[in-house]
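Peer 1: All I have is the shape, not the residue letters:
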């Protein structure tokens with residue numbers, strides 16, 4: 001039995017897709033010592049800006065909030081306790097978004113941060129409102145950056161963190177909204 005080469009066809013699908021959702025993990029953005037690598041952010045944003053400038057719609061789902069918050073808090077490594085992880089994420093999220101915003105601005109691209117709660121994905125009215133907002137941002141040529149830090153388990157509203165009851169459920173639901181829900 002032969003296995004079809006889905007890598008080639010998958011890349012072709014991505015190349016021709018009108019909307020792409022790019023998920024970037026912390027390890028793709030950090031140096032070996034755990035700090036955010038500016039060169040990696042520049043490389044990523046250049047590639048996504050090129051896609052946007054070709055007429056594609058781009059959604060960037062990025063980790064890295066905790067890593068971005070370590071140095072400003074004087075932490076030498078990723079904390080093990082949830083409270084300190086969330087503290088680092090709350091400090092780092094703004095810094096990470098600022099880095100992305102500045103990097104995309106160098107390419108003439110506007111960005112927007114989308115803050116969603118679990119209710120926004122589960123309640124029909126909230127879902128439709130969020131969907132219309134996300135669609136409108138893309139129509140306006142904005143590269144969206146939904147906040148989806150999986151370490152964020154607080155039951156509070158943005159801007160500190162997402163309201164996530166179950167991080168895995170929330171990440172899966174966010175993926176559906178961004179890819180299938182439109």
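Peer 2: Alright, I've got the coordinates. The model shown is predicted, which means the values in this text are computed figures rather than measured ones. Numbering: from 1, shown residues only.

Peer 1: show me where the chain has strands.
Peer 2: 19-24, 57-62, 111-114, 143-146 (DSSP state E).

Peer 1: What residues are bridge-paired with the spatially most central residue of the chain?
Peer 2: Nearest residue to the geometric centre of the chain (C-alpha atoms, centre = their mean): residue 61, 1.9 Å. On the basis of DSSP bridges, residue 61 is bridged to residue 23.

Peer 1: just to revisit the earlier point, need the strands of the chain in CSV (columns: distance to residue 134 and mean pLDDT).
Peer 2: (Each C-beta comes from the backbone N, C-alpha and C, glycine too.) Listed next are those as CSV, based on distance: least, C-beta to C-beta, whole Å; pLDDT from 0 to 100:
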stretch, distance to residue 134, mean pLDDT
strand 19-24, 10, 83
strand 57-62, 8, 86
strand 111-114, 7, 85
strand 143-146, 7, 76
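
Peer 1: wait, which of these is closest to residue 133?
Peer 2: strand 111-114 (7.5 Å; C-beta to C-beta).

Peer 1: need the strands of the chain in TSV with distance to residue 92, can you?
Peer 2: Below are the strands of the chain laid out as TSV (distance: least, C-beta to C-beta, whole Å):
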stretch	distance to residue 92
strand 19-24	14
strand 57-62	11
strand 111-114	13
strand 143-146	14
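
Peer 1: And these: which comes nearest residue 12?
Peer 2: strand 19-24 (13.1 Å).

Peer 1: Give the other helices and strands that that closest one contacts.
Peer 2: helix 38-53, strand 57-62, helix 167-179 (3 or more C-beta pairs under 8 Å, 6 or more residues apart in numbering; DSSP states H and E).

Peer 1: Can you point out the buried residues in that strand?
Peer 2: By neighbour count with 16 or more other C-beta atoms under 10 Å, strand 19-24 contains the buried residues 20, 21, 24.

Peer 1: Tell me the one of those nearest residue 122?
Peer 2: Nearest member of those to residue 122, counting by C-beta to C-beta, is residue 21, at 19.9 Å.

Peer 1: May I have the residues that are in contact with residue 111?
Peer 2: 97, 100, 101, 104, 105, 142, 143, 144, 145 (C-beta atoms under 8 Å, 6 or more residues apart in numbering).

Peer 1: The closest residue to residue 87 other than its chain neighbours and residue 82, how far apart?
Peer 2: Leaving aside its sequence neighbours, residue 87 sits nearest to residue 73 (C-beta to C-beta, 6 or more residues apart in numbering; 6.8 Å). With the distance defined as C-beta to C-beta, to the nearest Å, residue 73 ends up 15 Å from residue 82.
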